[in-house]
Structures are given as structure tokens and as C-alpha cells.
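# Sequence first, predicted model second:
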Number of protein chains: 2
Amino acid sequence: MGDYSQHMATVVTLEGKRKSPSLEPLLALCADDMAQVDREILARMRSPVALIPELANHLVGAGGKRMRPLLTVAAARLCGYANADDRHIKLATCVEFIHSATLLHDDVVDVSALRRGKPSANAVWGDKASVLVGDFLFTRSFELMVDVGSLDILGVLSRASSTIAEGEVLQLVSQRDTSTPEATYLEIIKAKTAKLFAAAAEVGAMVAGRDGPERVALESFGMNLGIAFQLVDDALDYAGREATLGKTVGDDFREGKITLPIILAFLRGRTVEREFWKRTIEKLDQREGDLEQAKMLLDRHGAIADTFERARHYGAMARDALGLFPDKPLKAAMLEAVDFAIARAH
Amino acid sequence: MGDYSQHMATVVTLEGKRKSPSLEPLLALCADDMAQVDREILARMRSPVALIPELANHLVGAGGKRMRPLLTVAAARLCGYANADDRHIKLATCVEFIHSATLLHDDVVDVSALRRGKPSANAVWGDKASVLVGDFLFTRSFELMVDVGSLDILGVLSRASSTIAEGEVLQLVSQRDTSTPEATYLEIIKAKTAKLFAAAAEVGAMVAGRDGPERVALESFGMNLGIAFQLVDDALDYAGREATLGKTVGDDFREGKITLPIILAFLRGRTVEREFWKRTIEKLDQREGDLEQAKMLLDRHGAIADTFERARHYGAMARDALGLFPDKPLKAAMLEAVDFAIARAH
């Protein structure tokens, strides 16, 4: 595959050296909050039914980057949130629970065997437990929202949850359809991924009492970051390094999942290539060497490179959304997080 | 099987004739509200993703008795709710959506082929669609709650949802364990069934502004009615008439589901009988004639009769919970609904 790193944003250190953009500065600035989020996550997973914390801990406890709760606390702090209460922690936990619930259900729907480099919960405990513990985390997230006590915030997060569910169904009905338009793909990733990023950042502003332009800006920051994030995820599924990905390269291909790389390669391909995509993706009739052939076709049409290019477009919009905030280390770290989302793992 | 109707409550008509208790009087008194609930249900299932209303309508649109939303509007009216707004309609819809979401997920978890006498949604559209549309209905129910705008009501319904999910997991981990104590069974049916009945009635009182003893009374009415309802459901799975049940007799047996009839027969049975239950329920090694043998053993130990007896105990508590309300036709209809829940379909 080609080298897609040439247009990547880079960070110039104090010593003048270029290094890859990283999530570390943002994690460092939010370290206290995120430690509290970790504790809240563990506390809220408790249940007398032992399977619940056991299964939930396998997924939630084992980490992942916690991008979404990080967005909530960062947005709140960027808006000057300095309250002694822990409402931003509860909201961050709530956002992570919504995300975890959808992951559990996703893995059942996608019949995934791996998640974050480990066997997925459904592979260990079965589909039934994953569906029901997903429901539990979902309902727990609503209890957390109610605890926070703001009907406006409840409105934002409940609409986001409902949009995610709608997006998942839309993805299901579009599955394996190689003629899916890019617009439909965009609608799906907005609903199932970006909307929660948007809500996560938006409620950070709201809990800090910034209901005007800051709220709008952070919602837009989250939305565009989320779109970029998912585009990169979908590109990495073909172009990533397995060890860094924590999942298997080619998973989307094997599932017949329609993502932008496939859509572009199909649109740009000749008849014989379209026949290849129809056989492998629509009919799921896959043979030895098909994944390599798919990668070759994606490469031929620049489908991966252009997926990263689309991601950079949304990344740029995310960065500009923060324009109204004064420059400070937290803002710089959030901008670097956008670059990290685009440059990660390849 | 024996005749369990001898201790059933009966209703004496004006002409002095005894007739079976019915849900009709309550449905008649709440007809206007329930017609509005029907319209609200249809309106709230709408989505540009066509599969959502299609699948949801198969389950929700096709009826069922709508016991839970009926409880909400009846409780609100019993508490003198006379507002011009439609908050009680929204709450009733919300309760039906929570219930429908759990049914969709239940049928996936239980691998059920029939629901309300029709092929179940998972049998028609597959497990994936059922999981995701269930999530959609769940999130829609939260949007409805947020619309109603009361944090107290949100607290009650979000805790109920969380308890249901916890109960479903508890049921899953206890599945096929013939040594499940009656107390655990009771805990499961309280969590997965009765809690929503309780919340449905409780929020009816709350929306009517009756936050004191009426709220407590209606919560208790719903809880006890819900326990009785589930006990009868579990008895009817062995003793019901298929046409009236809308599901297949013996479903619980074939799934190895632990319900009170099995628990009692196991506790009361001799070693050879316990071996039979372990083979058929724990190992799910079932042969020709086993269901008939199971029914015979249940009959021998009075397990079905005593399950109905337990249901009557909770029914009596439900009836007494309404003691503080003045006598009027609505109260009488609610009391008759309790008797109907116990006497139905056998």
C-alpha cells in the first residue's frame, strides 16, 4: 500500500523536532478527571449479578482510548468548568457507557471475535449475555444522566442514543450493498459514530453553563472529529498494522461491510472489478487471495488515500470549530487530538 | 391437568349471574386514552429507516393487551388526572416501548419463534434487526420521558429499565439450574416483569401530582399485579390453551427455562424425578413424550395449582393496595383487572 503519512499534520517540539501527533498532551491535562471517570465507571458497573461487572469490565475496564469521555471532560474544562461537584465526571461516564453498550450489541450483530485485541465479550460469554449486559449499561447511562439533573442535557444524550440506534439499523439494511452512495455512508457514520462524539463535547459545554456559541462550537468539533475518526477507522481496516489496531486487518472485508474505501473503488472500477466486489461483498463468496486482490484494487484507485483525504477535510473543520476559544494548552491539546485521530496507527 | 378455576374470583353481574373476570371494563373506561396511546405509539415509531417502523409495527402495532400503558393511564385517572396536556399518553407510550424493546431482545436471547401467536420479529427479520430495533425503541422511550419533563419520573423509569436489564442477566445466569431457589425466581420476575408494572402505575400517580400515599399505593399495586401476572404466565406455559395463549404450550420446557412450576416439582420430587428434570432441563436432553411426563410430574406435586395459589396471594396484595382510593367504577375495573390477570386463558 502507498504511504499516506506525507500529508499528516506534525507537531514541532520546543527543541524544533517534528514528532507524530499524540493524544498524550490531552490525556495529561485531563489526567485527574479521567482517573475520576475510571473510578466512576467501576462504581457504576457494580451489580449483585456477578456476570454484569465481569463482562462489562472485560470491555470497559480494559480501556480503549476513552476518546468520548475525554471529549466531555476536555470540553467542560475548555469552557472553564471549575465546579466542585462531579457532574462532568458523571456525564463522561454516561457517554462511555452508551458507547460500550453499542459496542456490545455491534459485536453481536457483526459476529466479531476480537475487540481491542482481545476476544470480544460475545466470543467469551455468548451473544445473549452481550445483548443483556449491553442493555444494562445503556439503562445505567440513563440513570447517570438523571443524576446530573438537567433536562436539556438529557435531551441531547437521549436524542444521540436514539440516532445511534437508527444509524445501526440503517447500516444493517445497507449491508453488503456495493451501490451504497457515499451520502448514505456518511449518514450512517454520522449517526452511529459522530453523533455521540458531538453529544459528548456538547454536554461538556452545557454542564459548564456555556449554552451559546461555545456549545454550538463544541458540538461541531465533536461531530467533525467523529466523522474523521470513523473514516480513518474504515481506512485502517485495510491499511492498518494489526498490532496497533487491536483488531484483525480485513475484518470489514470478511463481513462484507460497506465502507468508503469499497464505495470509492466500486464507483471507480471497471465492470470486471465491480463483479469482484459483488462476488466478495454482496454474495460474501470469498476465496484465498481475495483480501490481497481487494487491497490491490483499493490501491489502484487511491481509495484508501482518498478516504484519509476526506478525513483530513473533516479534521480541518473540527480544528476551525475551536477558533472562538482563546489559545491555551488545553485547546492546543484538543487540536493535536484531531491530528492524532487522523494520523494514528499507520 | 387439574381444574384450577375453583378458587378463582368471579364477578357477579347486575342480573346476579357469575361471569369470568375481564379486562373489558377497564379498557372501556380508558378507551379514549388508549386510542390516543395507539396513535402516539405509531407516531413515535416513525423513522426514515423503513425497517424500523416495519419491524416495530409487527410487534407493537399488532397489539397484545397493552397491560402496562393501560396501568399508567388508569393510575393517572384514578388519581384524578384531568389535565388538558398529554403527558400521561406520552408516559404510557414510553412504558410500552420499554416493554417492546425487552420483548425484542428476549426473543433473541430465548431463540423464540412465536410471539403473540405470530412469527416473532427475530424469526422474520433476524436477530440483528431485532437487537437494533429494540435499542431504537429503548432510546425512543427515553426521548419520550425527557419530553414529559419531570426528573422524578425520569428517575423512576430509568431505574426500572436498569432493573429489568439486571433481571434479564440474572435469569440468564440462572438458566437451566434446577436448584434455583424460589427466592431467586421471585427476584427475577420482580426485576424483569413486575418492576415495569410498578413503575407504569407509579408514574401515573406522579403525573397526576399525587406524590404521597397514592404514589406508594399504585407502585405496590403494580408490583404485586406484575408478580401475579408473571406467575400465571409461567403456569400457563404448561397448563394454558394454545389458541388463547398466542404461544406454544411447553415453550419454557423446551428452552429449559426455570420457572416456579419446575422449582416446586423439583423440590418435591424423588431422586428419579430429579434425574428427569436434570436431564431435560439442565442438559436439555429431551425426547418424545418428555413434555407429557413433565406435565404429569407437575400435576402429581400440585406445582401448577400452587403456582396459581402464589399468584392469588400477590393478587390479593394488589387489590388491598387500592384500599385508600374511594370506590368508583375505575377502581372496580382495576380490581377486576387483577382477577383477570389471574383467571385468564385457562
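Great, that's in hand.
# can you pull the contacts of the residue in the stretch 201-346 of chain A positioned nearest to chain B?
Proximity of the stretch 201-346 of chain A to chain B (CB to the nearest CB) peaks at A:Glu255, 11.6 Å away. Just so you know, the C-beta spots here come from the backbone N, C-alpha and C atoms, and that holds for glycine as well. With contact set as CB atoms under 8 Å, 6 or more residues apart in numbering or on different chains, A:Glu255 has these partners: A:110-111.
# can you give me the strands in chain A?
In chain A, the strands defined using DSSP state E lie at A:11-12, A:18-19, A:114-115, A:118-119.
# in the stretch 201-346 of chain A, what spans have low per-residue confidence?
Judged by pLDDT under 70, the stretch 201-346 of chain A has its weakly predicted residues at A:241-248, A:345-346.
# Can you show me the helices along the stretch 201-346 of chain A?
Under the criterion DSSP state H, counting those that start in this stretch, helices of the stretch 201-346 of chain A are mapped to A:213-239, A:242-245, A:251-255, A:260-268, A:271-277, A:290-300, A:303-321, A:329-343.
# Of those helices, flag the one that's most buried.
helix A:213-239 (a mean of 24; mean count of other CB atoms under 10 Å in any protein chain shown).
# Run the chain-centre distance for that helix.
8 Å (CA atoms, centre = their mean, to the nearest Å).
# again with stretch A:150-169
That offset, for stretch A:150-169, works out to 16 Å (CA atoms, centre = their mean).
# Please identify which of the helices of the stretch 201-346 of chain A is closest to B:Arg310.
B:Arg310 sits nearest to helix A:251-255 of all the helices of the stretch 201-346 of chain A, at 47.7 Å, using CB to CB.
# quick revisit: which of the strands of chain A comes out lowest on mean pLDDT?
Per-stretch averages of pLDDT across the strands of chain A put strand A:11-12 at the bottom, with a mean of 52.
# ok, which residues in the stretch 151-300 of chain A are in contact with chain B?
By CB under 8 Å from any CB of the partner chain, the part of the stretch 151-300 of chain A that sits against chain B consists of A:151, A:154-155, A:158-159, A:161-162, A:164-166, A:168-170, A:172-173.
# can you rerun that using 6 Å?
A:151, A:154-155, A:158, A:161-162, A:165-166, A:168-170, A:172-173 (CB under 6 Å from any CB of the partner chain).
# Reformat these into JSON lines and put pLDDT and neighbour count next to each item.
Below are these laid out as JSON lines (pLDDT from 0 to 100; neighbours: other CB atoms under 10 Å in any protein chain shown):
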{"residue": "A:Leu151", "pLDDT": "95", "neighbour count": "16"}
{"residue": "A:Leu154", "pLDDT": "96", "neighbour count": "23"}
{"residue": "A:Gly155", "pLDDT": "96", "neighbour count": "17"}
{"residue": "A:Ser158", "pLDDT": "95", "neighbour count": "25"}
{"residue": "A:Ser161", "pLDDT": "96", "neighbour count": "27"}
{"residue": "A:Ser162", "pLDDT": "94", "neighbour count": "22"}
{"residue": "A:Ala165", "pLDDT": "94", "neighbour count": "29"}
{"residue": "A:Glu166", "pLDDT": "93", "neighbour count": "25"}
{"residue": "A:Glu168", "pLDDT": "91", "neighbour count": "24"}
{"residue": "A:Val169", "pLDDT": "91", "neighbour count": "26"}
{"residue": "A:Leu170", "pLDDT": "90", "neighbour count": "22"}
{"residue": "A:Leu172", "pLDDT": "88", "neighbour count": "20"}
{"residue": "A:Val173", "pLDDT": "87", "neighbour count": "14"}
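# re earlier: next, format the helices of the stretch 201-346 of chain A as JSON lines and append distance to A:Pro48.
Shown next, in JSON lines, are the helices of the stretch 201-346 of chain A (distance: least, CB to CB, whole Å):
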{"stretch": "helix A:213-239", "distance to A:Pro48": "36"}
{"stretch": "helix A:242-245", "distance to A:Pro48": "36"}
{"stretch": "helix A:251-255", "distance to A:Pro48": "36"}
{"stretch": "helix A:260-268", "distance to A:Pro48": "45"}
{"stretch": "helix A:271-277", "distance to A:Pro48": "50"}
{"stretch": "helix A:290-300", "distance to A:Pro48": "46"}
{"stretch": "helix A:303-321", "distance to A:Pro48": "42"}
{"stretch": "helix A:329-343", "distance to A:Pro48": "38"}
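# how far does stretch A:105-119 sit from the chain's center?
15 Å.
# mind listing what's buried in it?
Counting neighbours by 16 or more other CB atoms under 10 Å in any protein chain shown, one finds that the buried residues in stretch A:105-119 are A:105-110, A:112, A:114-115.
# And the residues you listed, which is closest to chain B?
Looking across the buried residues of stretch A:105-119 and measuring by CB to the nearest CB, the closest to chain B is A:Val109, at 4.3 Å.
# Spit out the contact partners of that closest one.
B:Lys128 (CB atoms under 6 Å, 6 or more residues apart in numbering or on different chains).
# again, but for A:Glu309
A:Glu309 touches nothing, counting by CB under 6 Å, 6+ apart.
# From A:Pro53, how far out is A:Arg77?
Distance, A:Arg77 to A:Pro53, using CB to CB, to the nearest Å: 29 Å.
# Same check on A:Ala239?
36 Å.
# Then A:Ser100?
A:Ser100 is 13 Å from A:Pro53, where distance means CB to CB.
# From A:Val249, how far out is A:Glu288?
For A:Glu288, the distance to A:Val249 - CB to CB - is 16 Å.
# ok, those two, which is more surrounded?
Neighbours were counted for A:Glu288 and for A:Val249 using other CB atoms under 10 Å in any protein chain shown; A:Val249 has more, 16 against 6.
# Residue numbers of the stretch 1-150 of chain A in contact with chain B?
A:47, A:49, A:51-52, A:105, A:109, A:128, A:131-132, A:135-136, A:139-140, A:142-143, A:146, A:149.
# What subset of these is buried?
Buried, going by 16+ other CB under 10 Å: A:47, A:49, A:51-52, A:105, A:109, A:128, A:131-132, A:135-136, A:139-140, A:142-143, A:146, out of the residues of the stretch 1-150 of chain A next to chain B.
# Helices - which of those land there?
Taking DSSP state H as the definition of helices, these contribute A:51-52, A:105, A:109, A:128, A:131-132, A:135-136, A:139-140, A:142-143, A:146.
# and of those residues, the nearest to B:Arg39?
Nearest to B:Arg39 among these is A:Phe142, at 25.6 Å by CB to CB.
# what about A:Ile98, neighbour count?
With neighbours defined by other CB under 10 Å, the count for A:Ile98 comes to 27.
# Where does pLDDT dip in the stretch 1-150 of chain A?
For the stretch 1-150 of chain A, the stretches flagged by pLDDT under 70 are A:1-18, A:61-63, A:116.
# excluding its backbone neighbours, what's nearest A:Ala205?
Ranked by CB to CB, 6 or more residues apart in numbering or on different chains and with sequence neighbours excluded, the top spatial neighbour of A:Ala205 is A:Arg215, at 4.1 Å.
# contacting residues around that neighbour?
Per CB under 6 Å, 6+ apart, neighbours of A:Arg215: A:202, A:205-206.
# The helices of the stretch 201-346 of chain A: which one's closest to B:Asn224?
helix A:213-239 (45.8 Å).
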